[in-house]
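*Asks:* Please work out how this folds:
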Amino acid sequence: MTKKRRSQHWYGKLDKDGFIHRSWMKNQGFPDHAFDGRPIIGICNTWSELTPCNSGLRDLAEGVKRGVWEAGGFPVEFPVMSLGETQMKPTAMLFRNLLAMDVEESIRAYGIDGVVLLGGCDKTTPGQLMGAASVDLPSIVVSSGPMLNGKYRGQDIGSGTDVWKFSEAVRAGEMTLKDFMNAESGMSRSAGVCMTMGTASTMASLVEAMGMSLPTNAALPAVDARRMALAHLTGKRIVEMVDEDLKPSDILTKEAFENAILANAAVGGSTNAVVHLLALAGRVGIDLTLKDFELGSEIPLLVNCMPSGKYLMEDFCYAGGVPVVLSELKPFLRPARTVLNKDISAHYEGAECFNRDVIQTFDDPVKPAAGLRVLRGNLAPNGAIVKPSAATDELLETEAEVYVFESIEDLKANIDRDDLPVIPETILVLKGCGPKGYPGMPEVGNMPIPAKLVKEGVRDMIRISDARMSGTAFGTVILHVSPEAQAGGPLALVKTGDRIRVSASKGELELLVDEKELDARRASWQPDAPHYTRGYAKLYIDHVLQADQGADLDFLVGKDTRLVTRESH
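*Replies:* Below is the predicted model of the structure:
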């Protein structure tokens, strides 16, 4: 006997409620047989003109619909909140959990049997996955894909990465403001996400490595016809997944998360992957901690893409993309089920590399042992992270005096002072930029180098904060210090002139101040007044977890797969 589909609780009733559900849908021209019990597939779309990275998703939705119809399903597209990383203030991360709520409640409330998640921009992918995992209907991802390579004066330039480089060059007097502005138009040449291995392309790569998308999803350029074909195939596959009852909980196992951690190291992925994977694991009930990320610490950097290398995502695609990386990782990958209802090995079967300068091998990597490092100590009892592949090696083992910025406003007001008391060896510390403090844990951790030092040729310093940094950024930047300053973590007690010891090899981050002195400082410390006192932002401040727990809201951890039985009329 065929199991009654979830959607039939909406559209299969021969009563007043069924009449209402079907009749109002028919005003769009759907015929009677569309409601004959075939799988109804939701297309969860984060398209928005205020999210340039996702501006191509309306077209991709049509490709998904073609595949759904072909497979005998009934596609219905619906919008959810869209998070424009480059456009939103104070930070798109503040709203990741709100998107997840939007996705979760939309999926739960509507009569659909499976869902295709159309995302791309940094927070849209994890937000959609978190929401879908909490309802646990068959789900699959189609990413918007990266932009075409940026171009300036005949050279390739990369989203974000070259923004930071050009900005520092202007501050140093090495690039004119006119040239800086001219580069702006050549950087973003098509629809799609950052074409560096920033957070968007990192998350798309990890989604592929976890088996939540079809192979090649991560790297195909947004404007490549093959991405539309992939959308079509994804629409076809989701109908099959509904028939197989293949859900996120079947795919997002501990082994899948471990594969993502390994892949993140190999591609030189964004530090932001840590908070997103931790939050997603919390939704599916997987015990994932910062310690698990040490699994990738000895994996070499294989992908020679900015910000850790020199190429861009378009080059990565043409070289073979994620399947080649997974093939290189074969000895380390865990057996794990995917959206193909096969082991992850099916995602890289027959993969070939067409450019070994872009995707290198274990025997000849871009950098050895380049995975994220987890740091702990009295400054970060619950952990902090650093990305060695984007750092200066000699700075990863340092002991020095610190200069403290108490807030982002303090930093902006003073970073360019000619009399700022810093030297190249100084460790810069920024407070008040964690989940509660900003709020939303913004991408300000890669603080600018003080102007007086930029003019001397300094391009990297150790920087420590409770903030995040863009996946396109680089430098010796220690991030996600937990607990954050606003929550009373030890970071709140640091003063200018203190000494800090950093050892990436030993995983240490120590504030070299006597414990009695710290106790005295703690006794007189008071948190800053919250920046928001109403609406979603207040809800966020009151309930957000710390970075080492994924910065989800405490009441959203876990899932609820119950069918809604109460009708609206």
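*Asks:* so Ile238, which of the three states?
*Replies:* Per DSSP: H, G, I helix; E, B strand; the rest coil, the secondary structure class of Ile238 is helix.
*Asks:* And the pLDDT for it?
*Replies:* Listed pLDDT for Ile238 reads 98.
*Asks:* Ile140 is in contact with that one, correct?
*Replies:* Yes - here Ile238 reaches Ile140: they are 5.2 Å apart, a contact under C-beta atoms under 8 Å. All C-beta spots, glycine's among them, are computed from the backbone N, C-alpha and C.
*Asks:* Which of the two has more residues huddled nearby?
*Replies:* Neighbour tally, Ile238 and Ile140, criterion other C-beta atoms under 10 Å: the higher count belongs to Ile238, 32 against 28.
*Asks:* can you pull the buried residues of stretch 512-519?
*Replies:* Judged by neighbour count using 16 or more other C-beta atoms under 10 Å, the buried positions of stretch 512-519 are 513, 518.
*Asks:* Check stretch 535-553 too.
*Replies:* 537, 539-541, 544-553.
*Asks:* Next, show the common contact partners of Ile238 and Ile140.
*Replies:* Common contacts of Ile238 and Ile140, defined by C-beta atoms under 8 Å, 6 or more residues apart in numbering, comprise 114-116.
*Asks:* for stretch 367-387, how far is the first residue from the last?
*Replies:* In terms of C-alpha to C-alpha, to the nearest Å, the two terminal residues of stretch 367-387 are separated by 12 Å.
*Asks:* make that stretch 70-82, sorry
*Replies:* Distance between the two ends of stretch 70-82: 29 Å, counting by C-alpha to C-alpha.
*Asks:* Just the buried residues of it, please?
*Replies:* Across stretch 70-82, burial judged by 16+ other C-beta under 10 Å covers 71, 73-77, 80-82.
*Asks:* what two of those residues have the greatest distance between them?
*Replies:* Greatest spatial distance in the buried residues of stretch 70-82: Ala71 and Met81, 28.6 Å, computed using C-beta to C-beta.
*Asks:* Okay, Gly111 and Gln549: tell me how far apart.
*Replies:* In this view, Gly111 and Gln549 are 34 Å apart by C-beta to C-beta, to the nearest Å.
*Asks:* How about Val402?
*Replies:* Applying C-beta to C-beta, the value for Val402 to Gln549 is 27 Å.
*Asks:* name the helices or strands packed onto the lengthiest strand in the chain?
*Replies:* Counting residues, the longest strand in the chain under DSSP state E turns out to be strand 397-405. Judged by 3 or more C-beta pairs under 8 Å, 6 or more residues apart in numbering; DSSP states H and E, strand 397-405 is in contact with strand 427-430, strand 499-503.
*Asks:* Using a markdown table, lay out those together with distance to Leu220.
*Replies:* Output for the helices and strands packed on strand 397-405, formatted as a markdown table (distance: least, C-beta to C-beta, whole Å):
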| stretch | distance to Leu220 |
| --- | --- |
| strand 427-430 | 37 |
| strand 499-503 | 39 |
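*Asks:* tell me the most buried of those strands?
*Replies:* Mean neighbour count, computed with mean count of other C-beta atoms under 10 Å, is highest for strand 427-430 among these, reaching a mean of 24.
*Asks:* For the following helix or strand past it, buried residues please.
*Replies:* Where DSSP states H and E defines the elements, the next helix or strand beyond strand 427-430 is helix 451-454. Buried residues in helix 451-454, defined by neighbour count with 16+ other C-beta under 10 Å: 451-454.
*Asks:* okay, those residues in TSV with distance to Pro381 and pLDDT next?
*Replies:* Below are those laid out as TSV (distance: C-beta to C-beta, whole Å; pLDDT from 0 to 100):
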residue	distance to Pro381	pLDDT
Ala451	34	94
Lys452	34	95
Leu453	31	96
Val454	34	94
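*Asks:* all helices for the stretch 1-150 of the chain, in order.
*Replies:* Under the criterion DSSP state H, counting those that start in this stretch, the stretch 1-150 of the chain carries helices at the ranges 8-11, 16-25, 57-70, 96-109, 124-135.
*Asks:* now for those helices, which one comes closest to Ser159?
*Replies:* Taking these one by one with C-beta to C-beta, helix 124-135 is closest: 16.0 Å.
*Asks:* list the helices and strands the closest one packs on?
*Replies:* Checked by 3+ C-beta pairs under 8 Å, 6+ apart, helix 124-135 has helix 96-109, strand 114-119, strand 139-143, helix 199-209, helix 248-251, helix 272-284 packed alongside it.
*Asks:* helices and strands around the fourth one, which ones?
*Replies:* With contacts defined as 3+ C-beta pairs under 8 Å, 6+ apart, helix 199-209 has these neighbours: helix 124-135, strand 139-143, helix 254-267, helix 272-284, helix 321-328.
*Asks:* how big is the angle separating the first one from strand 139-143?
*Replies:* In terms of direction (axes from the mean of the first three to the mean of the last three C-alpha atoms, to 10 degrees), helix 124-135 departs from strand 139-143 by 170 degrees.
*Asks:* Average the pLDDT values over helix 124-135 and round to the nearest integer.
*Replies:* 98.
*Asks:* Among the buried residues of stretch 535-553, which pair sits farthest apart?
*Replies:* Using C-beta to C-beta for every pair in the buried residues of stretch 535-553, the one that comes out farthest apart is Ala537 and Asp548, at 21.9 Å.
*Asks:* Leaving out chain neighbours, which residue sits closest to Thr176?
*Replies:* Nearest in space to Thr176, with sequence neighbours left out and distances taken as C-beta to C-beta, 6 or more residues apart in numbering, is Val170 at 7.5 Å.
*Asks:* quick one: contacts for that neighbour?
*Replies:* Applying C-beta under 8 Å, 6+ apart, we find Val170 in contact with 176-177, 180.
*Asks:* Go through the residues you listed and name the one nearest Arg96.
*Replies:* Phe180 (30.7 Å).
*Asks:* Run a quick neighbour tally on that closest one.
*Replies:* Number of residues near Phe180 (other C-beta under 10 Å) recorded here: 14.
*Asks:* tell me the contacts of it?
*Replies:* Contact analysis of Phe180 by C-beta under 8 Å, 6+ apart lists 166-167, 169-170.
*Asks:* which among those end up buried?
*Replies:* Those of the contacts of Phe180 that meet the buried threshold are 166, 169-170, by 16+ other C-beta under 10 Å.
*Asks:* so where's the stretch 151-300 of the chain uncertain?
*Replies:* Filtered on pLDDT under 70, the stretch 151-300 of the chain yields no residues whatsoever.
*Asks:* let's go with 90 and repeat that
*Replies:* 154, 160-165, 167-169, 171-173, 181-186 (pLDDT under 90).
*Asks:* The stretch 351-500 of the chain too?
*Replies:* Flagging of the stretch 351-500 of the chain using pLDDT under 90 yields the residue ranges 369-371, 471-473.
*Asks:* what residues are up against Tyr311?
*Replies:* Tyr311 touches 156, 304-305, 357-358, counting by C-beta under 8 Å, 6+ apart.
*Asks:* Between these, identify the one with the most neighbours.
*Replies:* Neighbour counts for the contacts of Tyr311, by other C-beta under 10 Å, peak at Cys305, which reaches 29 neighbours.
*Asks:* Look up the closest residue to it, ignoring the ones flanking it.
*Replies:* Met197 (4.3 Å).
*Asks:* picking up where we left off before, so what does the residue nearest to Thr176 have for phi and psi?
*Replies:* Val170 adopts backbone torsions of phi -70, psi -40, taken as degrees, to the nearest 10.
*Asks:* Quick check: the gap between it and Ser205.
*Replies:* Val170 sits 32 Å away from Ser205, going by C-beta to C-beta.
*Asks:* picking that back up, so which of the helices and strands packed on helix 199-209 is nearest Ala218?
*Replies:* Short answer: helix 321-328, nearest of the helices and strands packed on helix 199-209 by C-beta to C-beta, at 4.8 Å.
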